[in-house]
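Enquirer: coords below, sequence missing:
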């Protein structure tokens, strides 16, 4: 690196940098996770290169970052949710990559428009018009849920139906037993042994005897 007219070999990234612009080169490979150690960096531009791999979640450690441009590369994977911690971020450009998944919506990410993500056919969610598909639940969970619903539904429905039918059948049987006094064993079970004989005797006693002339 040329500093003050002299070429100097930089063996490591200087943490005191506030602006790094390495755009429009032929850099390849992945973004090193150690870039997150640049705590004072405010502007980072790595656009128009051949960078591959995922966006490192360590970028969330760059708490002072105000502008991030990773556009026109070959980055893949999802946008790390950890990046929503960049509360000073006012400019974001992730366009023209191969990113996928739902776009984070917390904090500053809720303010970025469609231009920040254009060209990533796998991204979905606000502000894009492409809606995210809900993840299909495992068949085992769906089966367990259906079984639980069946058991719950069968439980209260069976109680109500059984109770209603029992009341109707009980009333009907009671009326039939009282009226016809059959079956005899059931009458004797509820009213006591010898009930029919006692009732017949009462009827005989209650019958008036004819008067003699």
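Expert: Structure's in. What do you need? Here the structure is a predicted model, which is why all the values come from computation and not from measurement. Numbers count the residues shown, from 1 in each chain.
Enquirer: surely residue 72 meets residue 95?
Expert: Yes: if you go by CB atoms under 8 Å, residue 72 and residue 95 touch, sitting 7.3 Å apart. Just so you know, the C-beta spots here come from the backbone N, C-alpha and C atoms, and that holds for glycine as well.
Enquirer: all helices for the chain, in order.
Expert: 139-180, 184-191, 195-206 (DSSP state H).
Enquirer: between these, which gets the lowest average pLDDT?
Expert: Lowest mean pLDDT within the helices of the chain: helix 195-206, a mean of 52.
Enquirer: Now for residue 95, how many residues are close by?
Expert: Residue 95: 20 surrounding residues under other CB atoms under 10 Å.
Enquirer: State the distance from it to residue 45.
Expert: 13 Å (CB to CB, to the nearest Å).
Enquirer: Check residue 102 too.
Expert: Residue 102 sits at a distance of 26 Å from residue 45 (criterion: CB to CB).
Enquirer: do residue 81 as well
Expert: 23 Å.
Enquirer: repeat for residue 10
Expert: As defined by CB to CB, residue 10 lies at a distance of 18 Å from residue 45.
Enquirer: again with residue 115
Expert: For residue 115, the distance to residue 45 - CB to CB - is 16 Å.
Enquirer: So which of those two has more stuff around it?
Expert: Set residue 115 next to residue 45 and count neighbours by other CB under 10 Å: residue 45 wins out with 17 against 12.
Enquirer: what about residue 113, how many neighbours?
Expert: Residue 113 has 10 nearby residues by other CB under 10 Å.
Enquirer: What of residue 112?
Expert: Using other CB under 10 Å, residue 112 has 20 other residues around it.
Enquirer: And residue 116, by the same measure?
Expert: Neighbours around residue 116, by other CB under 10 Å: 21.
Enquirer: With residue 90 instead?
Expert: Look at residue 90: counted by other CB under 10 Å, it has 13 neighbours.
Enquirer: quick one: contacts for residue 32?
Expert: Neighbouring residues of residue 32 by CB atoms under 8 Å, 6 or more residues apart in numbering: residue 56.
Enquirer: give the contact list for the residue lying closest to residue 99 once chain neighbours are set aside.
Expert: Leaving aside its chain neighbours, residue 99 sits nearest to residue 120 (4.3 Å; criterion: CB to CB, 6 or more residues apart in numbering). By CB under 8 Å, 6+ apart, residue 120 lies in contact with 94-100.
Enquirer: among these, which ones are buried?
Expert: For those, a neighbour count by 16 or more other CB atoms under 10 Å gives the buried set as 94-97, 99.
Enquirer: any chance of the residues you listed in a markdown table, plus distance to residue 63 and pLDDT?
Expert: As requested, the buried ones among the contacts of residue 120 are arranged in a markdown table below (distance: CB to CB, whole Å; pLDDT from 0 to 100):
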| residue | distance to residue 63 | pLDDT |
| --- | --- | --- |
| 94 | 19 | 96 |
| 95 | 24 | 95 |
| 96 | 27 | 96 |
| 97 | 24 | 97 |
| 99 | 23 | 96 |
